[in-house]
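[1] output the structure for:
(one chain, ligands or ions: 3)
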Amino acid sequence: MKLLIQNGHVLDPLTGLDGICDVLVEDNRIQKVEKNLSAAGGRVIDASGCYVMPGFIDMHVHLRDPGFAYKETLETGGRAAARGGVTTMCAMPNTKPVTDTKEMVEELHRRAETECPVHVIQLGAITKGEAGEELADIQGMAEAGCHGISEDGKSLMNASLYRKAMRIAKECGISVFAHCEDITMVEGGVMNAGRKAEELGVKGITNSVEDVIAARDILLAKETGVRLHLCHCSTADSVKMIEAAKKAGLPVTGEVCPHHFILSDEDIAENNGRYKMNPPLRSPEDVEALREGLKNGIIDVIATDHAPHSVEEKNVPMEKAAFGIVGLETSACLTYTGLVEKGVLTPMQMAEKMSYHPARILGLEDKGSVSPGKIADLVIFDPVPEYKIDKNTFLSKGKNTPFDGYPVKGEVRYTIVNGNIIFGD
Ligand SMILES: NC(=O)N[C@@H](CC(=O)O)C(=O)O
Ligand SMILES: [Zn+2]
Ligand SMILES: [Zn+2]
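    Ligands and ions are numbered 1, 2, ... in the order given. Presented below is the predicted three-dimensional model:
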């Protein structure tokens, strides 16, 4: 089948193309990116006024499958991804049972082919059952196509075991995705430590809970040489440490989530679980440091940490609520509104952080670019519409967001995976 995307503003971080162009797709590949193309007999999409970007690659998603179908499944998470312009997502292994074997990774990949409209890269746990005691079969999972291992949801506190895992990951050529949180320092905290936590009368989580583990992980990456990806960075010092690691030539990358670069703890309107996530919403100074890190290239990736939970688990005071908020359906409009509209990022940088850099980090040679020969995973994003986020329109099972009613600009019009329109018709 032929598909012609006409008159869109094409953003291709690989070639630097940043202008009005047509994109011709045939079968599952991009065939031509030129002006005045025609598609004899093919389907035509008029993309006038819209950006045509490589499909977003979300490096941090919780699909909750298997084991928590009441929160999300491969299918519902996939539909939410499609609506958000996400064409590939990395699924975290904190499922039930924990995804910690070669067979489980293979099974997930097999199921995703039919159950999920977008590409899924299943990540494997570092230890069996994420119990922190015995290493999982990292080599086997790497063979099954997991591009990274992660204990996300917590940190592996045993640094010696972690170092062993890093050596194996390095050997297998896969990355370590680090959730940085010193478990012994949390002490019952539910939001950022500071004035707001005191005002609400709840226990706080200090910045060093994240920072000490970020420092440890970077030092271990230095020793083992493993590719280290720091998930959901939330503090000014995390940004500084990533900057120093990069200056030292270490293969370290940083990820930030929209909620952390838009909201601070001062935006927490009441003691309600929709404001509770890990790491927590930080101080305005931290938010500013994350935005600066995104602008100057220290932070490579914008990912969602899409973490769906039920209403019962979230619509309660923070002390009782589960950690996590959804993000797949709001990351594009929040990034556009919060960063591009504000002049922090150019539209091209948005495409880099949401697609091109993730593709490079994951080693996906034929993704993250709108160039001839690449897989036709594309998003057509209209920057004009202004509206308020409405959680009731989410296709995800999770409605847990602090952004319900939040005014944004920009909307995904079409999402295309393997040359097929999976959202927008
Ligand atoms: N981010 C969260 O607050 N929660 C995540 C776990 C995680 O990403 O650490 C979850 O699985 O719910
Ligand atoms: Zn995490
Ligand atoms: Zn997570």
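[2] list phi and psi for the residue in the stretch 101-250 of the chain positioned nearest to ligand 2.
    In the stretch 101-250 of the chain, no residue comes nearer to ligand 2 than H179, which is 3.4 Å away by Cβ to the ion. Heads up, the C-betas are built off the backbone N, CA and C, glycines and all. The phi and psi values for H179, taken as degrees, to the nearest 10, are phi -100, psi 110.
[3] you'd agree it is up against M157?
    No. Between H179 and M157 there is no contact under Cβ atoms under 8 Å: 11.5 Å.
[4] could you check which of the two has the larger neighbour count?
    Set H179 next to M157 and count neighbours by other Cβ atoms under 10 Å: H179 wins out with 23 against 15.
[5] list the contacts of the strand or helix carrying E199.
    Element membership of E199 [criterion: DSSP states H and E] is helix 195-200. Here helix 195-200 makes contact (Cβ atoms under 8 Å, 6 or more residues apart in numbering) with 189, 191, 203-204, 265-266, 268, 270-271, 318.
[6] which of the residues you listed are buried?
    189, 191, 204, 265, 268, 271, 318 (16 or more other Cβ atoms under 10 Å).
[7] give me the pLDDT for the fifth one.
    pLDDT recorded at I268 is 98.
[8] give the contact list for it.
    Contacts of I268 (Cβ under 8 Å, 6+ apart): 191, 196, 200, 275, 281, 402.
[9] quick one on the thing from earlier: out of the contacts of helix 195-200, which sit inside strands?
    191, 204 (DSSP state E).
[10] quick one on the thing from earlier: show me which residues of the helix holding E199 are buried.
    196-197, 200.
[11] and what of stretch 417-425?
    In stretch 417-425, counting by 16+ other Cβ under 10 Å, buried: 417-419, 421-423.
[12] same check on stretch 383-403?
    Buried-residue list, stretch 383-403, by 16+ other Cβ under 10 Å: 383, 389, 391, 394-403.
[13] repeat for stretch 333-341
    333-340.
[14] so how far is it off the chain centroid?
    How far stretch 333-341 lies from its chain's middle: 15 Å, per Cα atoms, centre = their mean, to the nearest Å.
[15] I'd like the numbering to begin with 33 instead of 1 from here.
    I'll keep to 33 as the first residue from here, and by that count the last item is stretch 365-373.
[16] show me what the residue nearest to M386 when sequence neighbours are not counted is bridged to.
    Nearest residue to M386 in three dimensions, chain neighbours excluded: F88, at 4.5 Å (Cβ to Cβ, 6 or more residues apart in numbering). Under the criterion DSSP bridges, F88 forms beta bridges with V118.
[17] now do the contacts for F88.
    116-120, 363-364, 386-387, 411.
[18] could the residues you listed be laid out in TSV, adding pLDDT, neighbour count and distance to G164?
    Below are the contacts of F88 laid out as TSV (pLDDT from 0 to 100; neighbours: other Cβ atoms under 10 Å; distance: Cβ to Cβ, whole Å):
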residue	pLDDT	neighbour count	distance to G164
G116	99	30	33
G117	99	30	36
V118	99	34	30
T119	99	29	34
T120	99	26	29
S363	98	25	30
A364	99	27	35
M386	99	29	32
S387	99	33	33
V411	99	30	38
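[19] having no further points to raise, I will conclude here.
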